[in-house]
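# No letters, just coordinates:
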């Protein structure tokens, strides 16, 4: 199929889709409209899989410098990538990106080895980055002459990998980033190859937008027909693709379910497709709290790149395992990227990371695979982690510890996973034990025998005095299995639910000359509150009307002090608890107030009895709807 025939093929698809759809497995057609496509269910296999792997690998792996955006940045005047390119490969008029293609040989690529590594890592789905922004396809394409079967490796690397993965029972993902290729990915100057019409099909330079969009669609259709992927993943460029093309693509793919006899799914960024049409994907991030819908994170084993580079900086196995557990507890799926070298080798240090995940899942997989989020996703000091986010190390990464617990469940079985070595005795504060059968018990996955526990005031405390965690056949995270208990979230858990509000020290407006923000034990607090005339103000955003329970964290080394919190014309009177020092913050129940509307309120914390005032430090105030 030449370029013109590919355009005609895509155009015919669009016209046919406008008139009708193809029958699905249920006998109904997915029409190319959002209402029809929005009813597509999330496949059971995807809900159960929890963990997948893909790889950013292609022509951009050859220079192995900076990151996978080398193809674009080499043409950006004054960039460090262009400086490196000029010093290493010469002037852009002599050596453009196309000239890297013959150097991408993939001479050591072994699809069987990749598939074996992925399977041993515990992934349930995997596949290639089918085409990145650069415009080079990793499959045997008749639509795009710039493809791995015709140039470079001269092998259908996608086909080889798909076959090897399916032989091991893994579902297939293919990711598409090529929309940005036709949206100005490459800049051009007169003497650069990006300005040469002979290479316009590689560099996304099409005078007619229809030709560009037809070509975008034809590539996807070709991969759908040839490789039958179980998941298609789209990068951010999808946002600017006309709806007509996106609807046609989604209907064509979803209607293939009936022909193939299997369920498929699309993953999307942001609102680039309507919510029901595909699963939300969050790049290098995650939900802070639990979601009532399935979502996915795509992240990399490296903090500073998605492809192999000479200066690659890898995450640790501990961080990756904790990331997986945290994501799953919030109703998410982790799609992890690896960074093979241009020759097709997955470096040993990356391989070791993947196998460490696989070893952990080999012991603890029952707490992850086919699990569902519990009513509360976890507890502990680092409950709302957003991940690193975009931009390398800019956002940093929380270091979890044994007190950070995440919950998953399967029916009546609850799994409590400690993100670090647990203490010898620790309570599950957010789990209320309502009933306990005669055979109720606690197990530590990977350890033979029951685990000792006791229940006091409906709160279960796990005791590990007789178990040495260092002797267990894994590390990083420890999964406890609770069976035979009737459980529900404890009243304490309300503060971890969506809708709960935390008034942080750094968000407050301080009224007074002495009171100020300070840092104790790497956490912000309000200190030097010696004068009872000074006050602390917050704006309090309430999502829904209701009765709210308030609690605060205070330290009062000089003794207890009476306090008052005012909001909406109502007051809560309480006392701080005397503490051993200014870094010894104690939790205090402040009381309950009925708030009749959603919206923004003004909250004021102040001394209640100035004559009895002793200095107080304030870390935060929390409020949660009381049931």
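On my side now, so go ahead. All values derive from a computational prediction rather than experimental measurement. Residues are numbered from 1 along each chain as shown.
# Do a quick rundown of the helices in the stretch 51-200 of the chain.
In the stretch 51-200 of the chain, the helices defined using DSSP state H, counting those that start in this stretch lie at 70-73, 80-89, 111-120, 157-167, 200-203.
# export these to CSV and tack on mean neighbour count, distance to residue 402 and mean pLDDT?
Backbone N, C-alpha and C define where each C-beta goes, glycine included. Shown next, in CSV, are the helices of the stretch 51-200 of the chain (neighbours: other CB atoms under 10 Å; distance: least, CB to CB, whole Å; pLDDT from 0 to 100):
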stretch, mean neighbour count, distance to residue 402, mean pLDDT
helix 70-73, 23, 41, 98
helix 80-89, 14, 42, 98
helix 111-120, 20, 27, 98
helix 157-167, 21, 36, 98
helix 200-203, 22, 52, 98
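# Adding distance to residue 59, write the ones you listed out as a markdown table.
Output for the helices of the stretch 51-200 of the chain, formatted as a markdown table (distance: least, CB to CB, whole Å):
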| stretch | distance to residue 59 |
| --- | --- |
| helix 70-73 | 7 |
| helix 80-89 | 13 |
| helix 111-120 | 18 |
| helix 157-167 | 12 |
| helix 200-203 | 10 |
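# Point out where the stretch 401-550 of the chain drops to low pLDDT.
Residue ranges of the stretch 401-550 of the chain with pLDDT under 70: 469, 521.
# do you know how far the nearest residue to residue 89 once chain neighbours are set aside is from residue 511?
Nearest non-adjacent residue to residue 89, counting by CB to CB, 6 or more residues apart in numbering: residue 95, 4.4 Å away. Distance, residue 95 to residue 511, using CB to CB, to the nearest Å: 64 Å.
# If you count surrounding residues, which of the two has more?
The neighbour count for residue 95 versus residue 511, taken as other CB atoms under 10 Å, is higher for residue 95 (16 against 13).
# so that one touches residue 88, yeah?
No - look at residue 95 against residue 88 with CB atoms under 8 Å: they stay out of range, at 9.2 Å.
# residue boundaries of the helices in the protein?
According to DSSP state H, the chain carries its helices in the segments 3-19, 34-37, 44-49, 70-73, 80-89, 111-120, 157-167, 200-203, 209-227, 243-254, 256-260, 317-329, 348-364.
# and the third one, what does it pack onto?
I take that to be helix 44-49. strand 171-176 (3 or more CB pairs under 8 Å, 6 or more residues apart in numbering; DSSP states H and E).
# returning to what we had before: the helices of the stretch 51-200 of the chain: which one's closest to residue 486?
helix 111-120 (38.2 Å; CB to CB).
# Mind giving me the packing neighbours of that closest one?
helix 157-167, helix 348-364.
# Just give me how far that helix sits from the chain centre.
How far helix 111-120 lies from its chain's middle: 23 Å, per CA atoms, centre = their mean, to the nearest Å.
# longest strand anywhere in the protein?
strand 425-444 (DSSP state E).
# and the angle from it to helix 348-364?
80 degrees (axes from the mean of the first three to the mean of the last three CA atoms, to 10 degrees).
# Could you list the paired strands of strand 425-444 along with their orientation?
strand 450-456 (antiparallel), strand 459-463 (antiparallel), strand 478-489 (antiparallel) (DSSP bridges).
# Please convert those strands to a markdown table, extending it with mean neighbour count.
Shown next, in a markdown table, are the strands paired with strand 425-444 (neighbours: other CB atoms under 10 Å):
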| stretch | mean neighbour count |
| --- | --- |
| strand 450-456 | 14 |
| strand 459-463 | 18 |
| strand 478-489 | 19 |
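# Out of the ones you listed, which is closest to residue 381?
Within the strands paired with strand 425-444, the stretch nearest residue 381 is strand 478-489; the backing value is 17.0 Å (CB to CB).
# and the angle for that closest one with helix 317-329?
Going by the same axes, to 10 degrees, strand 478-489 makes 20 degrees with helix 317-329.
# Pull the distance from strand 478-489 to the chain's centre.
On CA atoms, centre = their mean, the centre of strand 478-489 falls 26 Å from that of its chain.
# Let me see the residues that make contact with it.
364, 366-367, 375-376, 402, 412-418, 421-422, 430-446, 451, 460, 462, 469, 472, 497 (CB atoms under 8 Å, 6 or more residues apart in numbering).
# Just the buried ones from those?
For the contacts of strand 478-489, a burial check counting by 16 or more other CB atoms under 10 Å picks out 364, 366-367, 375-376, 402, 413-418, 422, 430-433, 436, 440-445, 451, 460, 462, 469, 497.
# Turn the helices of the chain into CSV, columns for distance to residue 610.
As requested, the helices of the chain are exported to CSV (distance: least, CB to CB, whole Å):
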stretch, distance to residue 610
helix 3-19, 74
helix 34-37, 62
helix 44-49, 58
helix 70-73, 62
helix 80-89, 60
helix 111-120, 67
helix 157-167, 71
helix 200-203, 73
helix 209-227, 70
helix 243-254, 64
helix 256-260, 71
helix 317-329, 45
helix 348-364, 55
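# Can you say which of the ones you listed is nearest to residue 601?
Going by CB to CB, the one of the helices of the chain nearest residue 601 is helix 317-329, 31.0 Å.
# by contact count, what packs against that closest one?
By 3+ CB pairs under 8 Å, 6+ apart, helix 317-329 packs against strand 295-300, strand 332-338, helix 348-364, strand 372-379, strand 405-410.
# what about 6 Å?
helix 348-364, strand 405-410 (3 or more CB pairs under 6 Å, 6 or more residues apart in numbering; DSSP states H and E).
# Let me know which of the ones you listed is tucked in deepest.
Neighbour counts (mean count of other CB atoms under 10 Å) averaged over each of the helices and strands packed on helix 317-329 peak at strand 405-410, with a mean of 24.
# Give me the sheet partners of that one and which way each runs.
strand 372-379 (antiparallel), strand 413-418 (antiparallel).
# Dump those into a markdown table; add distance to residue 525 as well.
A markdown table is the format used below for the strands paired with strand 405-410 (distance: least, CB to CB, whole Å):
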| stretch | distance to residue 525 |
| --- | --- |
| strand 372-379 | 21 |
| strand 413-418 | 27 |
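# OK, contacts around the closest residue to residue 594 other than its chain neighbours?
Spatial nearest neighbour of residue 594, excluding adjacent residues (CB to CB, 6+ apart): residue 547 at 4.9 Å. Residues near residue 547 by CB atoms under 6 Å, 6 or more residues apart in numbering: 592, 594, 626.
# that older thread, mind putting the helices and strands packed on helix 317-329 in JSON lines, distance to residue 294 included?
Shown next, in JSON lines, are the helices and strands packed on helix 317-329 (distance: least, CB to CB, whole Å):
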{"stretch": "helix 348-364", "distance to residue 294": "19"}
{"stretch": "strand 405-410", "distance to residue 294": "14"}
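# To residue 240, which of the ones you listed lies closest?
So among those, helix 348-364 is nearest, using CB to CB, at 33.0 Å.
# packing partners for the closest one?
Contacts defined by 3+ CB pairs under 6 Å, 6+ apart place helix 348-364 against helix 111-120, helix 317-329.
# what separates residue 498 from residue 384, distance-wise?
According to CB to CB, residue 498 and residue 384 sit 11 Å apart.
# shared neighbours of those two, which are they?
Shared contacts of residue 498 and residue 384, counting by CB under 6 Å, 6+ apart, come down to residue 289.
# returning to that earlier point: looking at the helices and strands packed on helix 317-329, which is nearest to residue 41?
Proximity of the helices and strands packed on helix 317-329 to residue 41 was assessed by CB to CB; the nearest stretch is strand 405-410, lying at 20.5 Å.
# who's in contact with the closest one?
In this structure, residues lying in contact with strand 405-410 by CB under 6 Å, 6+ apart are 325-326, 329, 367, 371-372, 374, 378-380, 415-418.
# for the helices and strands packed on helix 317-329, which one sits closest to residue 560?
Residue 560 lies closest to strand 405-410 among the helices and strands packed on helix 317-329, at 31.0 Å (CB to CB).
# and that closest one, how far out from the chain's middle?
Between the centre of strand 405-410 and the centre of its chain there are 17 Å (CA atoms, centre = their mean).
# got it, and stretch 157-166?
Stretch 157-166 has its C-alpha centroid displaced from the chain centroid by 26 Å (CA atoms, centre = their mean).
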